Each structure stands twice: as C-alpha cells, then as structure tokens.
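>>> heads up, no residue letters with this:
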C-alpha cells in the first residue's frame with residue numbers, strides 16, 4: 001500500500017530575542033504562511049499530524065485549520081521529542097505510526113525536517129534533494145510517496161519518492 005508523507009518546517013516565527021526559543025510565537029507573516037499552506041494541503045486527505053510541542057509549531061498546526069472529511073480537526077500528536085529533532089529521531093517517530101494511517105504530516109524545525117526531506121529525496125531526485133538541503137524556508141513542505149510501511153523509513157529511504165516541494169517564494173530565512 002502506498003502512503004503519503006508530508007514534511008513541513010514551521011511557519012515564520014517572531015525574532016529570537018523576543019522569548020526563549022521553545023516559546024517563540026508565529027510572526028504575523030507566519031500566521032499567513034500557515035493559513036496558505038493549510039489551503040494547499042486541505043484536500044490531501046491528511047489523517048494524522050505529528051508536531052513538535054514548541055509554540056510556533058503548535059500555532060502552525062492551529063492556523064492551518066486541517067480537517068477530516070467529517071469536519072473534525074485532523075488529529076495531532078504534540079511531541080517534545082520533535083523539538084529540534086535530528087533526522088534519525090524524526091524517522092523513528094514516523095516509524096512508530098500504525099500502518100492504518102496512510103497520509104501523515106510532520107511539522108518540525110530546521111535542520112531536522114529539511115535534512116530528512118533531502119535524505120528521502122536523494123534516491124528519486126538528487127538535484128531536488130540538494131536544493132531542499134540548501135533552501136527549505138519557513139512553511140516549506142515536501143511530499144513523498146512511500147512504498148511500504150512507515151517503519152521501513154527507519155532503515156533506508158523506505159521506497160520514498162519525492163512528488164512535490166512547496167516553498168513560499170517571499171521567504172528567505174528562519
């Protein structure tokens with residue numbers, strides 16, 4: 001069975017000096033970015049969201065307004081472990097998802113999210129993988145088709161094929 005994985009960097013946050021990093025909120029531009037990304041992903045059938053427990057990632061999920069076909073919000077699991085997580089830790093968390101879930105969104109941080117996206121993209125599109133590693137601004141997301149179970153991602157690329165990368169063109173940084 002084919003699964004779909006979306007890896008997303010949180011939307012634009014307020015400056016670093018305003019609060020402790022974990023508590024940084026979205027900037028006004030970030031709220032706009034997250035709403036726009038929510039519109040892009042609204043019809044993608046996302047069934048579950050894994051989300052870092054930082055304030056800016058929580059607010060990104062909230063502003064996206066993703067809904068199930070029933071009109072209920074897409075279920076979300078907030079994970080402190082995803083805060084500034086390494087690509088390997090993100091893979092591990094994805095690998096723990098039940099195979100009944102076929103469309104998963106992970107909202108996290110740089111460098112973990114773009115590095116994992118680049119690693120997964122390498123086998124199917126090495127040029128795009130290099131671009132992801134160099135430029136994956138706030139609210140960017142990548143989409144992968146996965147041939148196999150979520151746990152297959154732990155040992156390799158898991159049969160991941162990059163199908164899309166979306167970046168907000170006006171974004172240049174953190």
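Done, it's in. In this text, all values refer to a predicted model and were calculated from it rather than measured experimentally.

>>> endpoints of stretch 46-66, how far apart?
One end of stretch 46-66 to the other measures 8 Å (CA to CA, to the nearest Å).

>>> so how far is it off the chain centroid?
Centroid separation for stretch 46-66 versus its chain: 9 Å, with CA atoms, centre = their mean, to the nearest Å.

>>> and residue 112, how close does it get to residue 62?
21 Å (CB to CB, to the nearest Å). Where C-beta positions appear, they are placed from N, C-alpha and C, glycine not excepted.

>>> again but with residue 114, I slipped
On the measure of CB to CB, residue 114 and residue 62 end up 22 Å apart.

>>> which one's more surrounded, the two?
residue 114 (22 against 16; other CB atoms under 10 Å).

>>> low-confidence regions, the protein specifically.
Along the chain, segments meeting pLDDT under 70 span 18, 155-158, 169-174.

>>> longest helix anywhere in the protein?
Determined from DSSP state H, the single longest helix within the chain is helix 28-41.

>>> helix or strand right after that helix?
Sequence order places strand 48-52 as the next helix or strand after helix 28-41, per DSSP states H and E.

>>> partner strands of that next one, parallel or antiparallel?
According to DSSP bridges, strand 48-52 forms sheet pairs with strand 76-79 (parallel), strand 103-108 (parallel).

>>> report the next helix or strand after the shortest one in sequence order.
This means strand 76-79. That would be, after strand 76-79 and using DSSP H and E, helix 87-95.

>>> in that next one, what counts as buried?
87, 89, 90, 91, 93, 94 (16 or more other CB atoms under 10 Å).

>>> and if you look at stretch 36-55?
Buried residues in stretch 36-55, counted by 16+ other CB under 10 Å: 36-38, 41, 46-52, 54-55.

>>> equivalent analysis for stretch 128-144, please.
Buried-residue list, stretch 128-144, by 16+ other CB under 10 Å: 128-129, 132-133, 136-144.

>>> can I get those in JSON lines including secondary structure and distance to residue 98?
Compiled in JSON lines, those are given as follows (DSSP: H, G, I helix; E, B strand; the rest coil; distance: CB to CB, whole Å):
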{"residue": "128", "secondary structure": "helix", "distance to residue 98": "29"}
{"residue": "129", "secondary structure": "helix", "distance to residue 98": "28"}
{"residue": "132", "secondary structure": "helix", "distance to residue 98": "27"}
{"residue": "133", "secondary structure": "helix", "distance to residue 98": "30"}
{"residue": "136", "secondary structure": "coil", "distance to residue 98": "28"}
{"residue": "137", "secondary structure": "coil", "distance to residue 98": "32"}
{"residue": "138", "secondary structure": "coil", "distance to residue 98": "30"}
{"residue": "139", "secondary structure": "coil", "distance to residue 98": "28"}
{"residue": "140", "secondary structure": "coil", "distance to residue 98": "27"}
{"residue": "141", "secondary structure": "strand", "distance to residue 98": "22"}
{"residue": "142", "secondary structure": "strand", "distance to residue 98": "22"}
{"residue": "143", "secondary structure": "strand", "distance to residue 98": "20"}
{"residue": "144", "secondary structure": "strand", "distance to residue 98": "18"}
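
>>> understood, closing this out.
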